[in-house]
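J.: here are the coordinates; sequence isn't available:
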Ligand SMILES: [Zn+2]
Ligand SMILES: [Zn+2]
């Protein structure tokens, strides 16, 4: 567990620093996922508690970019930890790290982290339909059905494999099209089954995620963001009954090459 990211990777690697849904759980920090290709490291979200795991694998100053999917604390709270580490540890910050998020999310970050956080984390406003490049990684964004400003992501290596990340979302035909044919989908299943009285949209349950992965024809699926007392293993079992591709239950410390 917790191998150091090799200087040279042959493929692309997804490493999980936090996978709990909505709030922490025993043995599980909140959403944070690292995509590494060659010497490039892109961090997708940095939820509460996840910073404690990030340092197990890379020096925080080695991040090439950070993407924050939306304004909820379980996806961005430890940006405060990253900011303080890079601000106060001598030599930790070699250059400001690009930070990609929607305008709504950047506004929350300004309030939560520091008004002048841009000295450390260089803000780039992105919206659905935008695409940016981070080293060899092509990163594109689509609107998720969650709170305003929530963005799902597709990360593709030029001529190589692709990873979709649902962020938090309800079922969404638009996201099924966005993720079509992805090699790996990192998908949320906040609930094992949708609770009575839950508002429409907002999150998926195991059957919603299985349906999204099936319709998008993704090859492999990592089930994540399952809210305690549910857990990713139980959700992955339910998803496996309905999706014919490979299903992997997320855990903190999981690394998947694709
Ligand atoms: Zn969440
Ligand atoms: Zn959320």
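T.: Structure received. If you're wondering where the values come from, they're calculated on a predicted model, not measured in any experiment. Numbering: from 1, shown residues only. Ligands and ions are numbered 1, 2, ... in the order given.

J.: Find the closest residue to ligand 1 in the stretch 101-250 of the chain.
T.: Residue nearest to ligand 1 within the stretch 101-250 of the chain: residue 168 (4.3 Å; Cβ to the ion). Using the backbone N, CA and C atoms, a C-beta is placed for each residue, glycine as well.

J.: hey, where'd the helices end up in this protein?
T.: Secondary structure of the chain (DSSP state H): helices located at 51-54, 73-76, 79-88, 103-112, 173-178, 206-216, 232-240.

J.: circling back: skip the chain neighbours and tell me the closest residue to the residue of the stretch 101-250 of the chain closest to ligand 1.
T.: residue 146 (4.4 Å; Cβ to Cβ, 6 or more residues apart in numbering).

J.: isn't the one you found right next to residue 169, touching?
T.: Yes - with contacts counted by Cβ atoms under 8 Å, residue 146 reaches residue 169, the gap being 5.2 Å.

J.: Compare these two (neighbour count), which wins?
T.: Higher neighbour count among residue 146 and residue 169: residue 169, with 29 against 23, using other Cβ atoms under 10 Å.

J.: List the contacts of the more buried one.
T.: Applying Cβ atoms under 8 Å, 6 or more residues apart in numbering to residue 169 gives the contacts 144-146, 150, 152, 175, 188, 201, 203-204.

J.: okay if I get these as TSV plus distance to residue 160 and pLDDT?
T.: Listed next are these as TSV, based on distance: Cβ to Cβ, whole Å; pLDDT from 0 to 100:
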residue	distance to residue 160	pLDDT
144	25	98
145	29	98
146	29	98
150	27	98
152	20	98
175	22	98
188	25	98
201	33	93
203	31	98
204	27	98
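
J.: Pull out the buried members of those residues.
T.: For these, a burial check counting by 16 or more other Cβ atoms under 10 Å picks out 144-146, 150, 152, 175, 188, 203-204.

J.: and of those residues, the nearest to residue 21?
T.: Using Cβ to Cβ, residue 188 comes nearest to residue 21 of the buried ones among the contacts of residue 169, at 6.9 Å.

J.: May I ask you to confirm that the closest one is in contact with residue 168?
T.: Yes - using Cβ under 8 Å, residue 188 is in contact with residue 168, at 5.8 Å.

J.: Mutual contacts of these two, please.
T.: What both residue 188 and residue 168 touch, as defined by Cβ under 8 Å, 6+ apart, is the set 203, 225.

J.: sorry, back to before: can you get me a residue count around the residue of the stretch 101-250 of the chain closest to ligand 1?
T.: When counting by other Cβ under 10 Å, one arrives at 25 neighbours for residue 168.

J.: how near is it to residue 151?
T.: Separation of residue 168 from residue 151 (Cβ to Cβ, to the nearest Å) stands at 10 Å.

J.: Between the two, which contacts overlap?
T.: By Cβ under 8 Å, 6+ apart, residue 168 and residue 151 have these common neighbours: 69-70, 144.

J.: Out of those residues, which is nearest to ligand 2?
T.: Distance to ligand 2, by Cβ to the ion, is smallest for residue 70 among those, at 5.5 Å.

J.: For that closest one, which non-adjacent residue is spatially closest?
T.: Using Cβ to Cβ, 6+ apart and skipping the chain neighbours, the partner closest in space to residue 70 is residue 150 (3.9 Å).

J.: hang on, isn't the one you found packed against residue 170?
T.: No - look at residue 150 against residue 170 with Cβ under 8 Å: they stay out of range, at 10.2 Å.

J.: Residue numbers of the stretch 151-258 of the chain in contact with ligand 2?
T.: Residues of the stretch 151-258 of the chain lying close to ligand 2 (Cβ under 5 Å from the ion) are residue 168.

J.: Close to ligand 1: what parts of the stretch 151-258 of the chain are there?
T.: Taking Cβ under 5 Å from the ion as the criterion, the stretch 151-258 of the chain approaches ligand 1 at residues residue 168.

J.: Torsion angles phi and psi at the closest residue to ligand 2 within the stretch 151-258 of the chain?
T.: With Cβ to the ion as the measure, residue 168 is the residue of the stretch 151-258 of the chain nearest to ligand 2, at 3.6 Å. Backbone torsions of residue 168, given as degrees, to the nearest 10, read phi -100, psi 130.
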